[in-house]
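J.: my questions concern the predicted model and sequence given below.
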Amino acid sequence: MFVTRRYGNTLSLLLLCLCAVLGWLTATPARALDPIEEQYVFINSANGLAWTKDFSGIAGVGFGLSTVRSGGSNRVDLQFTYAYSPLDQISDLNSRIDGGVNIFSLGVDYNAYTTPGYTFIGQYFTVGLAYNNMSWGYTEAVEIEGTTVTRDALSGMEIYFGGGLVIQQWEGITLYGELLPGYIFWIGGSNRGFDRESFDRFYNLKLNLGVAFQIR
């Protein structure tokens, strides 16, 4: 009887919880407490400076998807970026790495608007996080653990923040600019065992100019 009562009480509790959840769902047709209001696809430049003893700058292009929520007061971006960073002539890596490095990144950022959507020039603040993969070619093939290697790669995480301006808006088209300081910290060693300590901390400042096209 004790066992039966215990499982009966548990079952009753589960049923009550289920009913409460179902009641909440049916009583809140606006279950989307933070509904998607607009969506955009965008493309932008990704040019800037790099504060590191190895690299002299960064230049690239990004594209992705923007989702506007909460009455147009905030926006979430999912973005893929390709960038190239040339080696500084005085870098210790200059004799070992051919030309520079390619950086592929996948990131997500949150943008909070300080101005309403109908203003001529809009302003917002940005904070984001991105996964980075940096790849390069060696000037000469190197021997690592008995394997001849000509290319290598290193992974890292980037934290960035800053702000942006909506420069101009037309029907379904938005022109914007962003200034985003960032920092990449490398994780582990390279794919071929190259020590990440060989690379300096990667501080950067990107000036992004882009255009977004409304799809929803």
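T.: Everything's here; your move. Worth saying up front: this structure is predicted, and the values here are computed from it rather than measured. Numbering: from 1, shown residues only.

J.: name whatever forms a beta bridge with Thr147.
T.: When bridges are called by DSSP bridges, Thr147 pairs up with Ile144.

J.: how many residues are close by it?
T.: Thr147 is flanked by 10 other residues according to other Cβ atoms under 10 Å. From N, CA and C alone the C-beta is placed, and that goes for glycine too.

J.: go on, Asn191?
T.: 14.

J.: tell me the contacts of the residue lying closest to it once chain neighbours are set aside?
T.: Take Asn191 and drop its neighbours on the chain: the residue closest to it by Cβ to Cβ, 6 or more residues apart in numbering is Ala153, 4.9 Å away. By Cβ atoms under 8 Å, 6 or more residues apart in numbering, Ala153 lies in contact with Asn133, Met134, Ser135, Trp136, Ser190, Asn191.

J.: now those residues: which count as buried?
T.: Buried members of the contacts of Ala153, counted by 16 or more other Cβ atoms under 10 Å: Met134, Trp136, Ser190.

J.: picking up where we left off before, and which of the contacts of Ala153 is nearest Leu180?
T.: For the contacts of Ala153, the minimum distance to Leu180 (Cβ to Cβ) is 18.1 Å, reached by Met134.

J.: any idea how far the closest one is from Arg96?
T.: Look at Met134 and Arg96: by Cβ to Cβ, to the nearest Å, they are 14 Å apart.

J.: for Phe199, see how far away the closest residue to Phe55 other than its chain neighbours is.
T.: The shortest distance from Phe55 to any non-neighbouring residue, by Cβ to Cβ, 6+ apart, is to Ser85 (4.4 Å). Distance of Ser85 to Phe199, given as Cβ to Cβ: 11 Å.

J.: can you check Thr139 too?
T.: 16 Å.

J.: quick one: which of the two has more around it?
T.: Applying other Cβ under 10 Å to Thr139 and Phe199 shows that Phe199 carries more neighbours, namely 22 against 14.

J.: give me every residue that touches the more buried one.
T.: By Cβ under 8 Å, 6+ apart, Phe199 lies in contact with Thr52, Asp54, Leu93, Leu154, Trp186.

J.: the third one: what secondary structure?
T.: The three-state assignment at Leu93 reads coil, by DSSP: H, G, I helix; E, B strand; the rest coil.

J.: return the list of strands paired to the helix or strand where Ser105 lies, each annotated with direction.
T.: When elements are assigned from DSSP states H and E, Ser105 belongs to strand 100-113. Sheet pairing of strand 100-113 (DSSP bridges) gives strand 74-86 (antiparallel), strand 122-144 (antiparallel).

J.: looking at those, which is buried most?
T.: strand 74-86 (a mean of 18; mean count of other Cβ atoms under 10 Å).

J.: neighbouring contacts of that strand?
T.: 42, 46, 50, 55-69, 99-113, 124, 128, 130.

J.: which of those residues are buried?
T.: 42, 46, 50, 55, 57-58, 60-62, 64, 66, 68-69, 100-103, 105, 107, 109, 111, 113, 124, 128, 130.

J.: may I have the beta-bridge partners of Thr67?
T.: Beta-bridge partners for Thr67, by DSSP bridges, are Gln39, Val76.
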